[in-house]
Structure formats: C-alpha cells, structure tokens
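In: Here is a sequence with its predicted model. Questions after.
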Amino acid sequence: MWITTGELVQGTLYTVGELAAQLGTSQTPVREALIQLANEGLVDVVRNRGFRVSEIADEDLDEIVSCRLLLEVPLVAQVASMDVTGSIADLRRLADETVAAAERKDMETFLTADREFHLALLRLAGNRRVVDIVARLRDQTRLYGIRSLAEEDNLLASANEHGKILDAVEAGDASASDLMERHIRHARGIWAGRVEAQG
C-alpha cells in the first residue's frame, strides 16, 4: 500500500531491514513480499543492496488506461443490462466508503475501497479472467501526487463518480458505460498528479 500512496518514492533505494523496522516485523516476510512485488513489476530488486519502487512512464500509464477502457467499459454496459438488484447494496456501501475516505483524506482506505468497488462491479458480468486482468493493471499503477490532490478535493470528485456509475447501472441506463469511460480517464489524470476536478 505504501507504493500506491507514494510513501515509498519511485527510484529511491530502500533496504529490507529498513522496511521491516518500519513495519515492526522480521525481515523474512518483507523479503518474501518484495519477491512477489518484483514478480508483479512493482519493485526492482538491487542485489545485496535492497530494492527500488519501479518507475512508470506516461506511456505506461496510457497503455494501462487503454487496456482498462477496452475491458471495463463494455463490461459495465453488460452489467447495466442485467438485473443486479441483489448486489446494489454492497456496491453502494463501497461507493460510499470511497467518498467518506476521500472526505477524511484517508488514502489507504480510499484505495482499498476504490479497487474493490471496480472489481466487484466487473465480477457481476461473470468473467473472472477479465477481473483478474483489470486487478493486475490497477496494481501496476502509481497514484502520483494523490495526497496533494486530496487536499484540493479532486480525489473526492473522483469518488463521487462511483455513485453516478452505480445509479446508471441500477437504472439499467446505457450511460453507465460512458460514465465509466469518463471515470477511468479522470483516474489517468490522478495517476499523473495533474487532474482538474470534474463535475
């Protein structure tokens, strides 16, 4: 979570012992977690020295957004055409949680609820492989500048979009896919740390 919240800065060298001390744990689970993160492309291991948070370029973010648009937008359109009444309450709770977390400027809770909202919505379409792919794409991103953006309420604007998407899905409105496309493009701006608040 420290990677996505920006507490571990990309390109900076960290040692396993340093991170273990901050977490209050032994070095073994930290080392095992870093191996997993390295396999996912989130960190680069520097032999006998430690690790660095992998750097991600604008081109990488653009490719991730393109993939998410290709996968999430049509799936949300599919979900909007289905009867998902039984799932709305749980989705609404997650949407509300992102708003509440954004209002508190609680980055860790926001990121967890935001991720689960998107994946839970996609799961309703019944395609586990797409959900897994989107989860990995999301994990490859860094939300650069997210703390300062929270101060400017841009994060809150993004959180509020969840409710609008969910309203459209619940109503069976085809605009749900357009709202999801706008939301993902908005998220691209947040990752780059240069978003303007949207209505």
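Out: Great, that's in hand.
In: Give the next helix or strand downstream of the lowest-mean-pLDDT helix or strand in the chain.
Out: Of all helical and strand segments in the chain, the minimum by mean pLDDT, DSSP states H and E falls on helix 146-151, at a mean of 55. Moving toward the C-terminus from helix 146-151, the next helix or strand (DSSP states H and E) is helix 154-171.
In: Which strands and helices lie in contact with that next one?
Out: Under the contact definition 3 or more Cβ pairs under 8 Å, 6 or more residues apart in numbering; DSSP states H and E, helix 154-171 sits against helix 58-80, helix 88-104, helix 107-123, helix 146-151, helix 175-192. Where you see a C-beta, it was placed from the backbone N, CA and C, and this is true even at glycine.
In: Make TSV out of those and add mean neighbour count.
Out: Putting the helices and strands packed on helix 154-171 into TSV (neighbours: other Cβ atoms under 10 Å) gives the following:
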stretch	mean neighbour count
helix 58-80	17
helix 88-104	17
helix 107-123	19
helix 146-151	17
helix 175-192	19
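In: between those, which gets the lowest average pLDDT?
Out: Mean pLDDT across these is lowest at helix 146-151; the value there is a mean of 55.
In: which SS class is the residue sitting furthest away from the middle of the chain?
Out: Most distant from the centre of the chain: Asn48, at 31.4 Å, with distances by Cα atoms, centre = their mean. Three-state call for Asn48 (DSSP: H, G, I helix; E, B strand; the rest coil): coil.
In: Isn't Phe110 up against Leu155?
Out: Yes - Phe110 lies in contact with Leu155 (Cβ atoms under 8 Å); the separation is 6.8 Å.
In: Tell me which of the helices and strands packed on helix 154-171 sits nearest to Arg129.
Out: helix 58-80 (9.9 Å; Cβ to Cβ).
In: So which residues make contact with that closest one?
Out: Residues outside helix 58-80 that contact it (Cβ atoms under 8 Å, 6 or more residues apart in numbering) are 118, 121-122, 124-125, 127, 130, 133-134, 137-138, 140-141, 165, 168-169, 172-174, 176-177, 180-181, 184-185, 187-188, 191-192.
In: if you set the cut-off to 6 Å instead, what comes out?
Out: 122, 124-125, 130, 134, 137, 141, 169, 172, 176-177, 180-181, 184, 188, 191 (Cβ atoms under 6 Å, 6 or more residues apart in numbering).
In: And stretch 160-176, by the same measure?
Out: Contacts to stretch 160-176, defined as Cβ under 6 Å, 6+ apart, come from residues Val76, Val79, Ala80, Ile88, Leu91, Ala95, Thr98, Phe117, Leu179, Met180, His183.
In: gap between the third one and Arg138?
Out: Spelled out, it's Ala80. 21 Å (Cβ to Cβ, to the nearest Å).
In: again, but for the first one
Out: Shown here: Val76 relative to Arg138, a distance of 15 Å by Cβ to Cβ.
In: And for the fourth one?
Out: Using Cβ to Cβ, one gets 22 Å for the distance from Ile88 to Arg138.
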